[in-house]
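Novice: let me see the structure of the following:
(one chain, ligands or ions: 1)
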Amino acid sequence: MLSLIGNTPLLAIDVRVDGAPATVYAKAEQFNLTGSIKDRMALHMLRRAYERGELEPGAPIIEATSGNTGISFAAIGRALGHPVTIFMPDWMSRERIDLIRGFGARIRLVSHEQGGFVGSISLAEVAAADLLETASRAGAVFLPRQFSNVDNIESHVVSTGPEIWWQLQAGFVIPDAFVAGVGTGGTIMGVGRYLRGKRPDIRLHPVEAASAPVLSSGRRGGEHRIQGISDEFVPSIVDLSFLDAPLAVHDGDAILMAQKLATELGLGVGISSGANFLAALQVVRELGPQVVVATVFADDNKKYLSTDLVHDEQAGDDYISPSVELLGFRSQRRDCHTCCDPVLCGTEPPPDFAPDEEPLPVCVRPRHARPRHRRSAEGR
Ligand code: PMP
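Specialist: Next up is the predicted model:
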C-alpha cells in the first residue's frame, strides 16, 4: 500500500494568460491509492496513532469529512482491519457517499438542520466518546480529528512538500509561491512549512471560495460548489499569520477551469483543482509570467459526475478562465530523493534471485547541472 500513496507526478502546465506565456506546476494527486491527496494524511495519521498506542488493531475509526478523507480512511482503515464510520454533510456528491460505502465503511449523513459540517464533527465526537466510555481504555476507538490534528500537517511536511521541492529541482527551478485550497489546511500548512524551510521568502497563499470567504473575513456561512475547501470555519491547525493573503476563486470559474483542463489537455481533475490552478494564475498575474508557482490537483473528476462539473457553466464578468489559453504540459520525473524508503531501496535480493543481465539504462539527465533560480518580475 505504501508504494501506492505519494510520489505522484508533478505536472508543468504551459499557459498563456493575458497574452504572456507562463508555467504552473501542479502535483497530480489523483494518482494516489483512492484518487486524492487525502490518502497521504490518512496513512500518516494511522501510522502515528499506532506508534503512540492511540489505535489498537481492529479498533473502530470515526471521522467527520467532506468526502475525500472518508474515502481514504474507509479504504486504508478497512484494509488494516478496522471498522470505519464516517460523518459527512448530506450535500456532498453522490459519488463520495457510494465510494465510502463501497470501501466497506458506515456513513452517517448530516443535514444543514443538524449542523452541517460543524454538526458532523460534533456527532463524530459524541459517537467516539460513547464507544470510549464503554471500552474505558485509550486505543479502543480512534478519532483522527483532521481539522485539529497536527499529524495532518506533518504528513505534507514529510511527503508532499519534499516531493514538490525535489521534483522542481529536477526541472531546475525553485518555487516563488505555493497556493492550495483550504479544507483542513493540512496541505497549505504542511507543504508551506517544508518549502519555507528551503526558501524563507516563498509566498504561501491559502485559497477559498469567493462566496464563502471565511479565511479573509472570518464570517461563517456562504454556499459554494468547490467541494473539499471552505468548510464553514477556520480549522485550528491553520495559522493565518504564517500564510500570505488568502486568494478567492469563484466556484463557477473553478468549474470552467477544471472543464478546460479536461477538454483541452485531457487532465480530468476535480473542482478544487480548477480553483487551485486559477489561484496560481492570480499569482502569475501579480508577480509576472516568469514566476514559479506550484499547487496541487487534489483529486480527479470522477467524483463529480453528478455535479455541475459536467454541465454548461456561464462565465461571470470577472472570471479568469476565459482568458487562459492552455498550451500543453510535461510530467516532471519523480525524484529519487522522495521516490522510496531508502531502507527498502537498499534491500539485498535473495541469494537465488537471478537479475536481468542487461545493466540499467544510464540516466539521461546529467547530475552536474546546477539548478537555475527563476525570478519573478518583481525580482523576488
Ligand atoms: N480539495 C479537495 C477535493 C479535498 O477533498 C480537500 C480536503 N478536504 C482539499 C482540497 C483541501 O485539502 P486540505 O484539507 O489539506 O486543506
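Novice: what score does the closest residue to the ligand within the stretch 201-350 of the chain have for pLDDT?
Specialist: The nearest approach of the stretch 201-350 of the chain to the ligand comes at Gly228, 2.4 Å away (C-beta to the nearest ligand atom). All C-beta spots, glycine's among them, are computed from the backbone N, C-alpha and C. Here the pLDDT value assigned to Gly228 is 93.
Novice: which element is it on?
Specialist: Assigned by DSSP states H and E, Gly228 belongs to no helix or strand.
Novice: quick one: it and Gly67 touch, right?
Specialist: Yes. Counting by C-beta atoms under 8 Å, Gly228 touches Gly67, with 6.9 Å between them.
Novice: and these two? Which one has more around it.
Specialist: Gly228 (27 against 24; other C-beta atoms under 10 Å).
Novice: so how far is Pro89 from the more buried one?
Specialist: Here the criterion is C-beta to C-beta, to the nearest Å. By it, Gly228 lies 12 Å from Pro89.
Novice: likewise for Leu204?
Specialist: Applying C-beta to C-beta to Leu204 and Pro89 gives a distance of 28 Å.
Novice: settle it for me: which of those two has more neighbours?
Specialist: Taking neighbours as other C-beta under 10 Å, Leu204 and Pro89 compare with Pro89 leading, 23 against 19.
Novice: so which bits of the stretch 151-300 of the chain are right by the ligand?
Specialist: Residues of the stretch 151-300 of the chain found near the ligand (C-beta under 6 Å from any ligand atom) are 181-187, 227-229, 270, 272, 298-299.
Novice: secondary structure for those - can I get that in JSON lines?
Specialist: As requested, these are exported to JSON lines (DSSP: H, G, I helix; E, B strand; the rest coil):
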{"residue": "Gly181", "secondary structure": "strand"}
{"residue": "Val182", "secondary structure": "coil"}
{"residue": "Gly183", "secondary structure": "coil"}
{"residue": "Thr184", "secondary structure": "coil"}
{"residue": "Gly185", "secondary structure": "coil"}
{"residue": "Gly186", "secondary structure": "helix"}
{"residue": "Thr187", "secondary structure": "helix"}
{"residue": "Gln227", "secondary structure": "coil"}
{"residue": "Gly228", "secondary structure": "coil"}
{"residue": "Ile229", "secondary structure": "coil"}
{"residue": "Gly270", "secondary structure": "coil"}
{"residue": "Ser272", "secondary structure": "helix"}
{"residue": "Ala298", "secondary structure": "coil"}
{"residue": "Asp299", "secondary structure": "strand"}
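Novice: now for the residues you listed: which two are most distant?
Specialist: Maximum pairwise distance among these (C-beta to C-beta): 17.9 Å, between Gly185 and Gly270.
Novice: extract the CA atoms of whichever strand or helix holds Ala22 and return them as PDB.
Specialist: Using DSSP H and E, the element containing Ala22 is strand 20-28. Only the C-alpha atoms of strand 20-28 are listed here, as PDB (Å, rounded to 0.1, in the frame of the first residue of the first chain):
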ATOM      1  CA  ALA A  20       2.100  36.200 -21.900                       C
ATOM      2  CA  PRO A  21       3.400  32.600 -21.600                       C
ATOM      3  CA  ALA A  22       3.800  31.100 -18.100                       C
ATOM      4  CA  THR A  23       4.100  27.700 -16.500                       C
ATOM      5  CA  VAL A  24       2.100  26.400 -13.500                       C
ATOM      6  CA  TYR A  25       3.400  23.400 -11.600                       C
ATOM      7  CA  ALA A  26       0.700  21.000 -10.200                       C
ATOM      8  CA  LYS A  27       1.100  17.900  -8.200                       C
ATOM      9  CA  ALA A  28      -1.200  15.200  -9.700                       C
END
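Novice: measure the residue of the stretch 201-350 of the chain closest to the ligand to Gly53 for me?
Specialist: For Gly228 relative to Gly53 (C-beta to C-beta), the value is 31 Å.
Novice: before we move on, what about Ala128?
Specialist: 16 Å.
Novice: so between those two, which is more surrounded?
Specialist: Ala128 (20 against 9).
Novice: check contacts around that one.
Specialist: Counting by C-beta atoms under 8 Å, 6 or more residues apart in numbering, Ala128 touches Ile62, Val141, Leu143.
Novice: most surrounded residue in these?
Specialist: Ile62 (27 neighbours).
Novice: wait, a helix at that residue?
Specialist: No. Ile62: not assigned to a helix; according to three-state DSSP it is strand.
Novice: for the stretch 251-380 of the chain, just list every one of the helices.
Specialist: Assigned by DSSP state H, counting those that start in this stretch, the stretch 251-380 of the chain shows helices spanning 251-265, 271-287, 336-339, 342-345.
Novice: typed the wrong thing, it's the stretch 1-150 of the chain
Specialist: Counting by DSSP H, counting those that start in this stretch, the helices of the stretch 1-150 of the chain are 38-51, 68-79, 94-102, 116-135, 150-155.
Novice: any chance of JSON lines for those helices, columns mean pLDDT and distance to Val293?
Specialist: Listed next are these as JSON lines, based on pLDDT from 0 to 100; distance: least, C-beta to C-beta, whole Å:
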{"stretch": "helix 38-51", "mean pLDDT": "97", "distance to Val293": "21"}
{"stretch": "helix 68-79", "mean pLDDT": "96", "distance to Val293": "23"}
{"stretch": "helix 94-102", "mean pLDDT": "93", "distance to Val293": "29"}
{"stretch": "helix 116-135", "mean pLDDT": "88", "distance to Val293": "29"}
{"stretch": "helix 150-155", "mean pLDDT": "98", "distance to Val293": "21"}
